[in-house]
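Student: Make a model of this:
(chains A and B)
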Number of protein chains: 2
Amino acid sequence: MLNAYNYAIGVDLGGTNIRVAAVESNGGIDNEISIPTRSKRGREKIISDIVHLCKQIMERKSGKITAIGFGIPGALKLKEGIVTYSPHLPDWKNFPVKEYLKKDLNLPIVIENDANTAAMGEKWQGAGQGFSNLCCLTLGTGIGGGIILDNKIWRGSQGFAGEVGHMTIKYDGILCPCGNRGCLEAYASGSAIKRIAAEKLKNRGDSILKKPFLQNNDFINPEVVYHAAQNDDKTAIDIFREMGRYLGIGIVNITNLLNLDLMIIGGKVGAAWEFFYPALSKELNSWPYTKAIRHVKIVPSQCGDNAGILGAAYLAMNIKEADERF
Amino acid sequence: MLNAYNYAIGVDLGGTNIRVAAVESNGGIDNEISIPTRSKRGREKIISDIVHLCKQIMERKSGKITAIGFGIPGALKLKEGIVTYSPHLPDWKNFPVKEYLKKDLNLPIVIENDANTAAMGEKWQGAGQGFSNLCCLTLGTGIGGGIILDNKIWRGSQGFAGEVGHMTIKYDGILCPCGNRGCLEAYASGSAIKRIAAEKLKNRGDSILKKPFLQNNDFINPEVVYHAAQNDDKTAIDIFREMGRYLGIGIVNITNLLNLDLMIIGGKVGAAWEFFYPALSKELNSWPYTKAIRHVKIVPSQCGDNAGILGAAYLAMNIKEADERF
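Tutor: As a prediction, this is how the structure comes out:
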């Protein structure tokens, strides 16, 4: 149950930034702070920063903070409070993060995978309100998936569920950095946009991106392609069209398997919604089979960058529920 | 709760046969009867046969039958007792089957999708005993999927979950009868085996299947290929090897999404386990990513043809549980 008069702290640890905020039981966010993660400096320094930021908020809210929720990009043992593995934070392997935080923060602490906190944030305060069965796709460099079934996070037998990015959509397709071929992530993530852009720019001459790309391949990233698309650049628009179609195939696979109500698309690349959604929608509409596909709604994230903080704080406010399935 | 002294009737309506039996609360099966479905004769005649068979068993068990469970191949509205759509039984569209059965059978009746009854049968009495999170794949002409999460059937928002057969594993691949390209069913089902066999037999001369195939294409079916494989026919063994690899890709996708404990493989084609499992296992072992894949166990069905009857009867014995999620 929500405690109607208090706050929880939501922490969202990303590969680029650490975001911390006080979240009220009605979903209001204040005292939000963002600092760069700089993951190479090591876990102790990162934890020390997080503790410092939490203490700052705790002081300002003088005793009104009831718990802390912490979203972490990686595989976790929730009850034990251990990060078993995080691809972006190599020295967090088998790291008892809850124990470390507990030393300095005398409050109940919940840890959760960041794709799951984002899904829960959207369900609580964003696009997922009122839906029982949903999946929240976070499109960044990779593709994260948070699944909610029967109003609860579906973590699977060991907490590894929601691995959407490495779903094979073409078994003899593009080589993914994971070593497998044809992963959705190799077709519909931020990295995929870079790849598709490079292919198209090599063969086409009509794009405003062509010249800077030839001067420096690294010039191309999803933001740059997005801005070009906003300036009616046909190649840039085609890049998102291609990516949208592939994302549609991934969404069809998830929907056919789980028959969800809702698919929420967030993350940095998700911001290019207007350019990839038409192709995604066309893919779903052209699908000849199953009522599940007709039923599912595809919507953009409403919480944006705050989804993770909100979800983490929500789980902290509802610690019993957070642990129920694990 | 199981009633320790009584029986339920399990009915398994397949495209080829209708199977009916009394199932004891300890899982024992007796009075099993199988008759051909002959779906073209129309639903009234089929229902009339089922009613007749149920009444026969009810008489023999003189008052000990507490409920009837009915597994149906198609999309259902469980509570309303309506078949919304069944690809193999076209005149069952929007058919209020429970109402029809109720007229003549004065017992509580549960209907359930046949892939789900098979999964529940395996969980209750077969390979799934003791596992909370599993998927049961039934490999026949197509591929059916029954998903159990947290010990309960996962039906999705409208009862359409588990549509494994039409998962895209190669978006520009083989055309599936559903109209989509690259469905798992087009690569790893009974129909897929026929297709793979035809391709291989056209190009290779060393198979005992080649001559009869050239005389009559329809000679080839999964059973014939299985027997050839048992006789060390290299082409037949290669056919199952190819199909096993594709099935492995589908299993990886399901596992990465749901992080299940167990994948059970049943159905007629599942009987060729010894020939497709090595390739399937190789595919999973070569997968470079995620602990979910290392965790999941892949096992053959233990209940075989009885899985559906057992699961249907189990749900009938536990009517409250059967309706809980819908």
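Student: count of neighbours near the closest residue in space to A:Lys297 that isn't next to it in sequence?
Tutor: Distances taken as CB to CB, 6 or more residues apart in numbering or on different chains put A:Leu262 closest to A:Lys297, at 5.1 Å, once the chain neighbours are dropped. In short, each C-beta sits where N, CA and C put it, glycine included. Using other CB atoms under 10 Å in any protein chain shown, A:Leu262 has 23 other residues around it.
Student: Could you do A:Val51 as well?
Tutor: 16.
Student: tell me the pLDDT at it?
Tutor: Looking at A:Val51, its pLDDT is 96.
Student: before we move on, what about the one 3 residues further on?
Tutor: Turning to A:Cys54, the model gives it a pLDDT of 96.
Student: What does it show for phi and psi?
Tutor: When read as degrees, to the nearest 10, the backbone of A:Cys54 gives phi -60, psi -40.
Student: in the stretch 201-326 of chain A, which spans are helices?
Tutor: A:210-215, A:222-230, A:234-258, A:273-286, A:291-295, A:307-317, A:319-324 (DSSP state H, counting those that start in this stretch).
Student: Give me the buried positions along the third one.
Tutor: What it means is helix A:234-258. A:235-258 (16 or more other CB atoms under 10 Å in any protein chain shown).
Student: Repeat that for stretch A:288-308.
Tutor: By 16+ other CB under 10 Å, the buried positions in stretch A:288-308 come out as A:289-290, A:292-293, A:295-296, A:298-308.
Student: tell me the strands in the stretch 1-150 of chain A, going along the chain?
Tutor: Ranges of strands in the stretch 1-150 of chain A, per DSSP state E, counting those that start in this stretch, are A:7-13, A:17-24, A:29-36, A:65-72, A:75-77, A:82-85, A:109-113, A:134-139, A:143-149.
Student: okay if I get those as a markdown table plus mean pLDDT?
Tutor: Putting the strands of the stretch 1-150 of chain A into a markdown table (pLDDT from 0 to 100) gives the following:
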| stretch | mean pLDDT |
| --- | --- |
| strand A:7-13 | 97 |
| strand A:17-24 | 96 |
| strand A:29-36 | 94 |
| strand A:65-72 | 96 |
| strand A:75-77 | 89 |
| strand A:82-85 | 91 |
| strand A:109-113 | 96 |
| strand A:134-139 | 97 |
| strand A:143-149 | 97 |
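Student: ok, now which ones touch the residue of the stretch 1-150 of chain A found nearest chain B?
Tutor: Relative to chain B, the nearest point of the stretch 1-150 of chain A is A:Asn133 (5.0 Å; CB to the nearest CB). Counting by CB atoms under 8 Å, 6 or more residues apart in numbering or on different chains, A:Asn133 makes contact with A:Ile148, A:Leu149, A:Asp150, A:Leu258, A:Asn259, A:Leu260, A:Asp261, A:Leu262, B:Gly156, B:Ser157.
Student: let's see 7 Å
Tutor: Residues in contact with A:Asn133, defined by CB atoms under 7 Å, 6 or more residues apart in numbering or on different chains, are A:Ile148, A:Leu149, A:Asp150, A:Leu260, A:Asp261, B:Gly156, B:Ser157.
Student: before we move on, back to that, how about the strands of the stretch 1-150 of chain A in TSV, adding mean neighbour count?
Tutor: Shown next, in TSV, are those (neighbours: other CB atoms under 10 Å in any protein chain shown):
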stretch	mean neighbour count
strand A:7-13	28
strand A:17-24	22
strand A:29-36	14
strand A:65-72	26
strand A:75-77	22
strand A:82-85	19
strand A:109-113	26
strand A:134-139	28
strand A:143-149	27
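Student: Now do stretch A:222-237, average pLDDT.
Tutor: 97.
Student: Using PDB, write down the CA coordinates of it.
Tutor: Taking C-alpha atoms only, stretch A:222-237 is exported to PDB below (Å, rounded to 0.1, in the frame of the first residue of the first chain):
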ATOM      1  CA  PRO A 222      20.500   8.300 -33.600                       C
ATOM      2  CA  GLU A 223      20.200  12.000 -32.500                       C
ATOM      3  CA  VAL A 224      21.900  13.300 -35.700                       C
ATOM      4  CA  VAL A 225      19.700  11.000 -37.900                       C
ATOM      5  CA  TYR A 226      16.600  12.200 -36.000                       C
ATOM      6  CA  HIS A 227      17.400  15.900 -36.600                       C
ATOM      7  CA  ALA A 228      18.000  15.100 -40.300                       C
ATOM      8  CA  ALA A 229      14.600  13.400 -40.400                       C
ATOM      9  CA  GLN A 230      13.000  16.400 -38.800                       C
ATOM     10  CA  ASN A 231      14.600  18.500 -41.600                       C
ATOM     11  CA  ASP A 232      12.800  16.200 -44.200                       C
ATOM     12  CA  ASP A 233      16.000  14.300 -45.100                       C
ATOM     13  CA  LYS A 234      14.600  11.300 -47.100                       C
ATOM     14  CA  THR A 235      17.500   9.000 -46.200                       C
ATOM     15  CA  ALA A 236      17.100   9.800 -42.500                       C
ATOM     16  CA  ILE A 237      13.400   9.100 -42.800                       C
END
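Student: residues making contact with it?
Tutor: Residues from elsewhere that reach stretch A:222-237 (CB under 7 Å, 6+ apart): A:190, A:193, A:197, A:200-201, A:204, A:206-209, A:239-240, A:268-269, A:271-272, A:275.
Student: and if we set it to 10 Å?
Tutor: Residues external to stretch A:222-237 that are found in contact with it (CB atoms under 10 Å, 6 or more residues apart in numbering or on different chains): A:139-141, A:189-194, A:196-197, A:200-201, A:203-210, A:212-213, A:220, A:238-241, A:243, A:267-272, A:274-276, A:278-279.
Student: Report the buried residues of it.
Tutor: If you call a residue buried by 16+ other CB under 10 Å, then stretch A:222-237 has these buried ones: A:Pro222, A:Val224, A:Val225, A:Tyr226, A:Ala228, A:Ala229, A:Asp233, A:Thr235, A:Ala236, A:Ile237.
Student: so what's A:Tyr246 closest to, chain neighbours aside?
Tutor: Closest residue in space to A:Tyr246, ignoring its immediate chain neighbours: A:Tyr187 at 3.7 Å, by CB to CB, 6+ apart.
Student: cool, and A:Ile265?
Tutor: Nearest residue to A:Ile265 in three dimensions, chain neighbours excluded: A:Leu137, at 5.2 Å (CB to CB, 6+ apart).
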